[in-house]
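Undergrad: What shape does this take:
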Amino acid sequence: MNTRRRQGMSANPVLVGAVTLLVVLVAVFLSYNANSGLPFVPTYDLETNLPNAANLVRGNEVRISGARVGVVTEVDAVRDDQGRSSAQIKMKLDQELEPLPIDSTFVVRPTSALGLKYVELTPGSSRAGFDENEVVPITQAKPEPVEIDEVFNAFDAKTRRGAQRSLGGFGTGFAGRGIALNDAITSLRPLVTDLVPVMSNLADPRTRLDRLFRALGSTAAEVAPVAETQAALFANLDTTFTALAAVARPFIQETISESPPTFALGEREFPKQRPFVRNTAALFGELRPGIRTLPSAAPVLADALEIGSRTLPRTPPLNRRLASVFDSLAEFAEDPLVPAGVRRLRDTTRVLRPTIAFLTPAQTVCNYATLWFRNISSLLSEGDANGTWQRFIIIATPQGPNNEGGPSSAPANGPNVDNHLHSNPYPNVAAPGQTRECEAGNEDYLAGRTTIGNVPGNQGTETSGQDVGSASRGGAR
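TA: Residues are numbered from 1 along each chain as shown. Model (predicted):
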């Protein structure tokens, strides 16, 4: 019975044709969907944002190091919250890639010059990964790809003409110089030999050469906004060199020819000038305080020079007469008694130094010596037909107990307002240890009150014949 059934199935052409058609349909279906992955095969689905899809279409491959690891299933245009457009692609990746590290990068690259593209995936090293159907941010779309049309567009008409001129210039420059080029290449052999250890040092990770190129990239980004200014610079340089071409020969040529011997002479002679330069620097350093005072001293120096130009021609007769004076001084200095006298003067000066230090502010601050000579001159020279003020003026004293008109047992102390003693035998004159004030002659007269000694408060440093400015500077008018 089984033999008959099998013979019946193989002998039925309709059944054989149906089975054949079904096999063909399954093969066609699998061939059609091969680029999108085989059915019933588990995948790892991800979405990623790209700044530009660059003609990427559904069915393009996703590769790692050239090996296919998935396909692009959908390409859409999206817009972010700030209105910027980008491309969002959906991918079916092999299950073995899950989870993909979050520092992985995506970039669209051409498969060939015909325009076919693929997505190059570079896995990262992060321990964290993207979940199923998660959207990879656009920040991971790097580096920015360069399209073939962008490369071709770089060679515009201007660039082509410049390249032609450069080739023509190089051809003219190298023409007839083959032997010299050969000698130059031969001379480069020691350079290349010595370059090997240099390049080994540069290749060492400890040199951090990668940071140099990142810094160069940052520098180029900073320079990019002034590219037009730099272009104008080269245009101006062209104008400058065109002008220099007229004097290139013989002037610039002779300058270049004479420069090596000049530099050689400088190498020999400049070290000899170092002491002079050091001494000059020290001289100007010492002159610096004097130069600071020149703005205020220059008018005085100008007046001195003007007066000196009239006075100095008259000095020779004075110098001749001073010769005898200096001869006498020389004889005086050689006298054996002079050193003893100088020592006595030195001792006198040492003894008088505290006294002078105490008395000096009375004149430099309070101007009392000048006032004394002025007042004594007035007393002895001014007056009327009866005589000077010193001779005849009598001042009557107030009357009362212990008044100042005669001997008394105590200071005058009233009872009337005028009969009060006002005496200050040792007033403050800004001397060392005293209050800085010119009290003598400046004390307030306290009516109806006996005052002996310093009065309360500071009377200031201004005296007659002296303004506030000179008093504050501590000098007499």
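Undergrad: can you pull out the helices in the stretch 101-250 of the chain?
TA: With helices called from DSSP state H, counting those that start in this stretch, the stretch 101-250 of the chain shows them at 148-154, 157-174, 178-203, 209-223, 227-245.
Undergrad: Restrict the shortest one to CA atoms and write it as CSV.
TA: Okay, so that is helix 148-154. Output of helix 148-154 as CSV, limited to C-alpha atoms (Å, rounded to 0.1, in the frame of the first residue of the first chain):
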residue,chain,number,x,y,z
ILE,A,148,34.2,63.0,-3.6
ASP,A,149,32.4,66.0,-5.1
GLU,A,150,33.8,68.2,-2.4
VAL,A,151,37.3,67.1,-3.3
PHE,A,152,36.7,67.8,-7.0
ASN,A,153,35.2,71.2,-6.1
ALA,A,154,38.4,72.2,-4.3
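Undergrad: Show me what the mean pLDDT comes to for it.
TA: In this model, helix 148-154 has a mean pLDDT of 73.
Undergrad: residues in contact with stretch 141-156?
TA: Residues from elsewhere that reach stretch 141-156, judged by Cβ atoms under 8 Å, 6 or more residues apart in numbering: 48-52, 54, 105-110, 113, 163. For glycine as for every other residue, the C-beta is placed from the backbone atoms N, C-alpha and C.
Undergrad: okay, how far is it across it, tip to tip?
TA: 29 Å (Cα to Cα, to the nearest Å).
Undergrad: circling back to that earlier point, please tabulate the helices of the stretch 101-250 of the chain in JSON lines, including the columns distance to T364.
TA: Shown next, in JSON lines, are these (distance: least, Cβ to Cβ, whole Å):
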{"stretch": "helix 148-154", "distance to T364": "85"}
{"stretch": "helix 157-174", "distance to T364": "83"}
{"stretch": "helix 178-203", "distance to T364": "74"}
{"stretch": "helix 209-223", "distance to T364": "64"}
{"stretch": "helix 227-245", "distance to T364": "66"}
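Undergrad: Point out the one among those helices that comes closest to P425.
TA: Distance to P425, taken as Cβ to Cβ, is lowest for helix 209-223 among the helices of the stretch 101-250 of the chain, at 82.5 Å.
Undergrad: and the gap between P401 and N413?
TA: P401 is 8 Å from N413, where distance means Cβ to Cβ, to the nearest Å.
Undergrad: Serialize the helices of the stretch 101-250 of the chain to TSV and add fields for mean neighbour count and distance to V300.
TA: Formatted as TSV, those follow (neighbours: other Cβ atoms under 10 Å; distance: least, Cβ to Cβ, whole Å):
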stretch	mean neighbour count	distance to V300
helix 148-154	9	72
helix 157-174	10	67
helix 178-203	10	65
helix 209-223	10	54
helix 227-245	10	50
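Undergrad: Which of these has the lowest mean pLDDT?
TA: helix 148-154 has the lowest average pLDDT among the helices of the stretch 101-250 of the chain, namely a mean of 73.
Undergrad: Can you mark which positions in the helix of greatest length in the chain are buried?
TA: Across the chain, the longest stretch assigned as helix under DSSP state H is helix 274-311. Going by neighbour count (16 or more other Cβ atoms under 10 Å), nothing in helix 274-311 comes out as buried.
Undergrad: Now do that helix: which elements does it pack against?
TA: Judged by 3 or more Cβ pairs under 8 Å, 6 or more residues apart in numbering; DSSP states H and E, helix 274-311 has no packing partners among the helices and strands.
Undergrad: right, and A53 touches V78 too?
TA: No - with contacts counted by Cβ atoms under 8 Å, A53 stays clear of V78, the gap being 10.8 Å.
Undergrad: Helices of the stretch 351-477 of the chain, start to end?
TA: 368-381, 389-392, 468-472.
Undergrad: If you average pLDDT over each of those, which is lowest?
TA: Lowest mean pLDDT within the helices of the stretch 351-477 of the chain: helix 468-472, at a mean of 44.
Undergrad: All the strands of the stretch 1-150 of the chain, in order from the start?
TA: 43-50, 61-64, 67-79, 85-94, 100-101, 105-110, 117-122, 129-130, 135-136 (DSSP state E, counting those that start in this stretch).
Undergrad: Of those, which is nearest P316?
TA: Here strand 105-110 is closest among the strands of the stretch 1-150 of the chain (Cβ to Cβ), at 96.0 Å.
Undergrad: what sits up against the closest one?
TA: The contact list for strand 105-110 (Cβ under 8 Å, 6+ apart) reads 48, 50, 52-54, 56, 116-122, 124, 136, 140-145, 147-148.
Undergrad: Repeat the analysis, applying 6 Å as the threshold.
TA: 48, 54, 56, 117, 119-122, 140-142, 145 (Cβ atoms under 6 Å, 6 or more residues apart in numbering).
Undergrad: tell me the two of those residues that are most distant?
TA: Across these (Cβ to Cβ), the longest gap, 17.9 Å, separates K117 and Q140.
Undergrad: I figured N133 was touching D45, is that so?
TA: Yes - using Cβ atoms under 6 Å, N133 is in contact with D45, at 5.3 Å.
Undergrad: more neighbours, the two?
TA: Taking neighbours as other Cβ atoms under 10 Å, N133 and D45 compare with D45 leading, 14 against 10.
Undergrad: per-residue confidence at that one?
TA: 88.
Undergrad: for I393, same thing?
TA: So, for I393, pLDDT stands at 58.
Undergrad: Now do the same contact list for A163.
TA: Counted by Cβ under 6 Å, 6+ apart, A163 has zero contacts.
Undergrad: For it, give its distance to P205.
TA: Shown here: A163 relative to P205, a distance of 38 Å by Cβ to Cβ.
Undergrad: How many residues are close by V429?
TA: When neighbours are defined as other Cβ under 10 Å, V429 has 22 of them.
Undergrad: Now it: closest residue in space, sequence neighbours ignored.
TA: Distances taken as Cβ to Cβ, 6 or more residues apart in numbering put A362 closest to V429, at 4.2 Å, once the chain neighbours are dropped.
Undergrad: Next: D76.
TA: Q88 (5.0 Å).
Undergrad: which residues touch that neighbour?
TA: Counting by Cβ under 6 Å, 6+ apart, Q88 has contacts 49, 76, 78.
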